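Enquirer: one predicted model, sequence on top.
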Amino acid sequence: MSRVNPVNQYLRMDRMPHIWCSGCGLGTTVNCFIRAIENCGYPREQIAIVSGIGCTGRVAGYLKLDSFHTTHGRPIPFATGLKLANPELKVVVISGDGDLFAIGGNHFIHAARRNMDLTVVCVNNFTYGMTGGQLTPTTPIDAISSTSPYGNFEEPFNLPFLAESAGAVYVARWTTYHVKQAARSIREAIQKNGLSFVEIISPCPTLYGRRNKLGDGLAMMKAFKENSAIVNGADTREVGLDFKGKIVCGKFIDREKPSFLDMYHTTMAERFGPFYEPYEGVQ
Amino acid sequence: MSDGKKARGPRGVVTINPELCKGCGFCIEFCPSGVLAFSDTFNDKGYHTPKAVKPEACTGCDLCGAYCPDFAIFGMLKEKVVA
Amino acid sequence: MKADPKGVLTGAHFLDGDHACCEGALSAGCRFVAGYPITPSTEVVERIAARFPSVGGMFIQMEDEIASSIAIQGAVWGGAKAMTVTSGPGLSLMMEHVGLAAMLETPCVFVDVQRSGPSTGLPTMPAQGDMMQARWGSHGDYEIIALCPNSPQECYDLTIAAFNLAEEYRVPVMLMMDECVGHMTEKVIIPRAEEIEVTPRRYTTQKPGKYLPYQAGRNEIPLMVKAGDGYLFHVTGLTHDERGYPAMNAEAHDRCVRHLVEKIRNNARRIIRIEETDTADAEVVVVSYGITSRVAGKAIQMARADGLKVGHLRLITAWPFPEKRLRTLAAHVKAFVLPELNFGQMFLELQRVIEGKASCYPVPHAGGTVHEPEAIYQRILYAARHSRPKDKKEVAR
């Protein structure tokens, strides 16, 4: 067979097949990501990926870009240092709901507050998959997990609302069913200056799906298709997720605010006047 | 197609790498032209892989490629295929 | 290579240790600092925040020490020389990322201006209670380098040394200051830039495609790379192979971890710095480090005035510990006295390496203030009086 999949050039084919389960949405998310960066206007060498720990964290290891598989919950501060050392880089954090919003929650809100020029892609499968399916801050009420065997009773985060409140300039949510829209949003997020957040709802058939009788990966994808509604510009306060309920998708926020570095430049230029040499990364 | 008119070939062609496939069924479900179905054969890992049962309907839209979590399938426009 | 003059504040200054540390970092070429306020280290980052904009550096106060300790590593992989600054409670928080730096072989500097612990302790008062934590604080096997300045001048000099050692061995280097040295003000001479040796980052000269992130380079240390240069490399905190890819088996793990440990142990001779005074014919040797060495110096003076043959071995590097030198001294030295502002941390190392060939006496102190010279002097007298004479046969064994 002589035809080669065009996405292979963006993948570490020497590490295929990957570890993700049959029907897991992570591979689909990686496909969306590859399509997003293909025509985003930045050469591949300029894009860096930082991930945390978990099934989603493994994305960094499969993408053929400068990529960093860091510690649990901490890809965002690592990405902050990377970006500030070399502002030319387009730094994308790809990590899971538990990694980014439980242990990593503090770092997310501060990066959004500072409007650090980063793209954060959160693959939300409502579970800690790698460790066997425990609940996360996005697990819906009543869902079963290995640490909530009688049903979760903790209110989950509404991630787009949290992102908007914390200061993100671009907020979108799609599911892995919405492959075209997800790719477009990721591209827009990368191109946007400031903290861009894209939530991708993804099936975990082996753990979240099985425990909650949601069927296999395909059944979960069909449910995403049936239960989702695209409402671009929706009020993020209204897009919280119920267990097996409606999923509101769309591009919710796309606003302009100076980024951390923009503010740095403005402040230093004011203080130092003509003596200020604009910061362009560590030389 | 009415009698006498020359049949037009498919606009697209789908390529399947069965050894990477994990039999999730996304491509089969989400192909808008019904090109694919599960084959009766297994790959080395024991998964049923897809096969093109209606290759003539393929438009080369590559939605199968976009959905595939395992990079095991992709569609291309025929004219773009490098022999 | 020589220091970049832009960061070098040449001249004779009157600075405290914290301020001197900032200047050392600038002289060493540090251009990224991420930190979080914590007494008694805060002055370091305050001065960094004021100095950096005019030398092209970037300072960011992160939301916590955990973020600070990994932000510096992101900056290193983006091409910067980077440092973070903290005290005991912050170092405890940073421990996972010390391990990450060790595993990724990220050259970076962690400054710990030690205060009295445990827990919140005495935030504004000195101790030396983090010495073992510096060495063993993170999980798993790895080695670090730790330096102990005993004056503001050394805070300047050893910060430069810390950066140089970090680049040389691709390892996190801990600068173990203490509140006393950090807050005392003394003369600090900063030389001209051309008189300062700084070790540049050792980047690979191999082409993308040929380069492997963890292939042994010179002296077994792999050559560095940074994001944005087209190498499309991957690094992970998982046990990894030469390609930087996860390698989840025992053989790969042995290779991976063995390298982290041996690269320091095999080079210990070149890394270790000690300052010895009058040890050649000493019957008692005082081993000390940091601020305690200043007090020990006075105590030794008092003992020598009594006619005792007392020497002084000052640890400039606390880790790796100078095992070989101490074992050699144990051949003729009757007793070692180790005063420190803790209840016996480096003392455990001393006992371990001496292996009973000489007597070892600690002079413990909870911290909060420094030892009285009298306390160390009394211990020296005790050591001289009570240690058994050297049995030549036993020593030869």
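Expert: Yep, that arrived. Numbering: from 1, shown residues only, chains lettered A, B, ... in the order given.

Enquirer: so where do the strands sit in the stretch 201-350 of chain C?
Expert: Taking DSSP state E, counting those that start in this stretch as the criterion, the stretch 201-350 of chain C carries its strands at C:234-236, C:274-277, C:284-289, C:310-315, C:317-319, C:335-339.

Enquirer: reformat those as JSON lines; add mean pLDDT and distance to chain B.
Expert: C-beta coordinates here come from the backbone N, C-alpha and C atoms, glycine included. JSON lines is the format used below for the strands of the stretch 201-350 of chain C (pLDDT from 0 to 100; distance: least, CB to the nearest CB, whole Å):
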{"stretch": "strand C:234-236", "mean pLDDT": "98", "distance to chain B": "17"}
{"stretch": "strand C:274-277", "mean pLDDT": "98", "distance to chain B": "57"}
{"stretch": "strand C:284-289", "mean pLDDT": "98", "distance to chain B": "56"}
{"stretch": "strand C:310-315", "mean pLDDT": "98", "distance to chain B": "55"}
{"stretch": "strand C:317-319", "mean pLDDT": "98", "distance to chain B": "47"}
{"stretch": "strand C:335-339", "mean pLDDT": "98", "distance to chain B": "60"}
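
Enquirer: and the ones you listed as TSV, adding distance to C:S138 and mean neighbour count?
Expert: Compiled in TSV, these are given as follows (distance: least, CB to CB, whole Å; neighbours: other CB atoms under 10 Å in any protein chain shown):
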stretch	distance to C:S138	mean neighbour count
strand C:234-236	16	24
strand C:274-277	26	15
strand C:284-289	22	28
strand C:310-315	21	24
strand C:317-319	13	25
strand C:335-339	25	28
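
Enquirer: would you turn those strands into JSON lines with distance to chain A?
Expert: Conversion of these to JSON lines gives the following (distance: least, CB to the nearest CB, whole Å):
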{"stretch": "strand C:234-236", "distance to chain A": "4"}
{"stretch": "strand C:274-277", "distance to chain A": "34"}
{"stretch": "strand C:284-289", "distance to chain A": "31"}
{"stretch": "strand C:310-315", "distance to chain A": "31"}
{"stretch": "strand C:317-319", "distance to chain A": "23"}
{"stretch": "strand C:335-339", "distance to chain A": "35"}
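
Enquirer: excluding its backbone neighbours, what's nearest C:S288?
Expert: Distances taken as CB to CB, 6 or more residues apart in numbering or on different chains put C:A296 closest to C:S288, at 4.1 Å, once the chain neighbours are dropped.

Enquirer: so the one you found makes contact with C:E340?
Expert: No. Contact between C:A296 and C:E340 fails when scored by CB atoms under 8 Å: they sit 9.7 Å apart.

Enquirer: pull up the overlap in contacts between those two.
Expert: Overlap between the contact sets of C:A296 and C:E340, as judged by CB atoms under 8 Å, 6 or more residues apart in numbering or on different chains, is given by C:S288.

Enquirer: so which bits of chain B are right by chain A?
Expert: Chain B has residues B:15, B:17, B:19-20, B:22-26, B:29-30, B:47, B:63, B:65-71, B:74, B:76, B:81-83 near chain A, with proximity defined as CB under 8 Å from any CB of the partner chain.

Enquirer: OK, contacts around the residue of chain B found nearest chain A?
Expert: Taking CB to the nearest CB as the measure, chain B has B:P69 as its residue closest to chain A, at 2.7 Å. Going by CB under 8 Å, 6+ apart, B:P69 touches A:20, A:23-28, A:30-31, A:217, B:22, B:24, B:26.

Enquirer: where does the chain have low pLDDT?
Expert: Let's take chain A. Low-confidence regions of chain A, defined here as pLDDT under 70, cover residues A:1-2.

Enquirer: oops, I was thinking of chain C
Expert: The model of chain C has pLDDT under 70 over residues C:391-397.
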